[in-house]
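Novice: 3D model of this:
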Amino acid sequence: MASPVDPASAESARSAVRLEVRCAVFRIGGGPAPELQVLLVDGESRRPDVDLAALPGGPIDASADLADTALACLAEQAGVADVAHLEQLEVFSAPDRVPGTRTVASTYLGLVRPSTPVNGGTWHSVRTLPPTVADHAEIIAAARHRLAGKLSYTNIAFALAPAEFPMSELSEIYGAALGYAVDTTNLLRILSRRAVITATGGVRRNGRGGGRPPALYRFTDSSLRVTDEFATLRPPLM
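Specialist: Reported below is the predicted structural model:
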């Protein structure tokens with residue numbers, strides 16, 4: 001005969017909710033073919049023979065701001081202390097998104113420049129993600145869509161680019177983040193018209209290679225601003 005269920009205990013179990021933050025942090029990886037990469041750390045697996053990756057994050061500190069908790073998790077778990085841009089993404093609250101106690105995640109999109117060091121996490125191409133914990137792949141997809149959208153109407157690429165760059169390098173950054181090739185001449189025209197970039201007056205020395213050294217540019221602002229409410233760049237093909 002089944003034991004009677006205590007109504008108070010049942011109600012307490014139903015109302016128990018765990019709150020956490022998760023951070024989808026991107027950078028543009030170097031190499032001959034720049035690509036958009038996401039920062040992952042070791043995740044907990046219910047099976048000892050399966051290794052899972054996870055987005056940095058953890059329980060919300062009741063005494064701290066959500067964004068401060070996100071930054072603290074990045075610093076503690078991945079050694080990231082210099083986040084060029086951080087913004088709240090969305091809330092993931094499906095009742096069964098993680099096993100056990102219902103866990104609601106407040107998620108963040110973060111961007112770092114290529115030279116930003118990490119200590120405790122690893123970078124992975126967004127196109128070839130390893131197996132991830134729970135819905136973390138969905139969080140990464142949502143963050144990628146947000147980034148692609150904002151590349152069209154804001155100056156958000158300032159957080160992915162080095163301090164100075166030739167336009168060919170910037171077009172590769174846009175292309176890696178959007179998922180398709182971006183024409184350098186058209187990008188220069190669009191960003192110049194919007195006053196997003198400024199010529200530094202310098203040029204990049206190409207060493208022993210011939211040809212005319214390319215002009216260098218920088219972003220006019222180092223914080224997010226809307227540059228054109230009507231998107232010019234098409235969305236990524238995923």
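
Novice: from here on, contacts and neighbour counts on C-alpha atoms
Specialist: OK.

Novice: Which secondary structure elements does the longest strand along the chain sit against?
Specialist: Of all the segments assigned as strand in the chain under DSSP state E, the longest by residue count is strand 17-29. Using 3 or more C-alpha pairs under 8 Å, 6 or more residues apart in numbering; DSSP states H and E as the contact definition, the elements that strand 17-29 packs against are strand 35-43, strand 57-59, helix 66-78, strand 102-111, helix 136-153, helix 167-178.

Novice: who touches the next helix or strand after the last one?
Specialist: In the C-terminal direction, the helix or strand that comes right after helix 167-178 (DSSP states H and E) is helix 184-193. Judged by C-alpha atoms under 8 Å, 6 or more residues apart in numbering, the contacts made with helix 184-193 from elsewhere in the structure are Met167, Ser168, Leu170, Ser171, Ile197, Thr198.

Novice: how many neighbours does the spatially closest residue to the first one that is not a sequence neighbour have?
Specialist: To tie it back to what came earlier, the one meant is Met167. Across the structure, with C-alpha to C-alpha, 6 or more residues apart in numbering as the measure, the residue nearest Met167 apart from its sequence neighbours is Thr184 (6.3 Å). Thr184 has 17 neighbours, counted by other C-alpha atoms under 10 Å.

Novice: cool, Thr128 as well?
Specialist: Counted with other C-alpha under 10 Å, residues neighbouring Thr128 total 8.

Novice: again with the one 5 residues further on
Specialist: Around Val133 sit 19 other residues, with neighbours defined as other C-alpha under 10 Å.

Novice: before we move on, what about Thr122?
Specialist: As a burial measure, the neighbour count of Thr122 was computed by other C-alpha under 10 Å and equals 14.

Novice: Tyr217 bridge partners, please.
Specialist: When bridges are assigned using DSSP bridges, the partners listed for Tyr217 are Phe165, Ala199.

Novice: who touches it in this structure?
Specialist: Remark: with contacts taken as C-alpha under 8 Å, 6+ apart, Tyr217 is in contact with Glu164, Phe165, Pro166, Met167, Ile197, Thr198, Ala199, Thr200, Gly201.

Novice: ok so, going back, could you give the average pLDDT over the longest strand of the chain?
Specialist: Per-residue pLDDT values across strand 17-29 average out to 94.

Novice: How far away from the center of its chain is that strand?
Specialist: Once both centres are worked out by C-alpha atoms, centre = their mean, to the nearest Å, strand 17-29 turns out to sit 8 Å from its chain's centre.

Novice: Buried residues of it, list them for me.
Specialist: Buried positions in strand 17-29, judged by neighbour count with 16 or more other C-alpha atoms under 10 Å: Glu20, Val21, Arg22, Cys23, Ala24, Val25, Phe26, Arg27, Ile28, Gly29.

Novice: what lines up beside that strand in the sheet?
Specialist: Based on DSSP bridges, the strands next to strand 17-29 in the sheet, each with its direction, are strand 35-43 (antiparallel), strand 57-59 (antiparallel), strand 102-111 (parallel).
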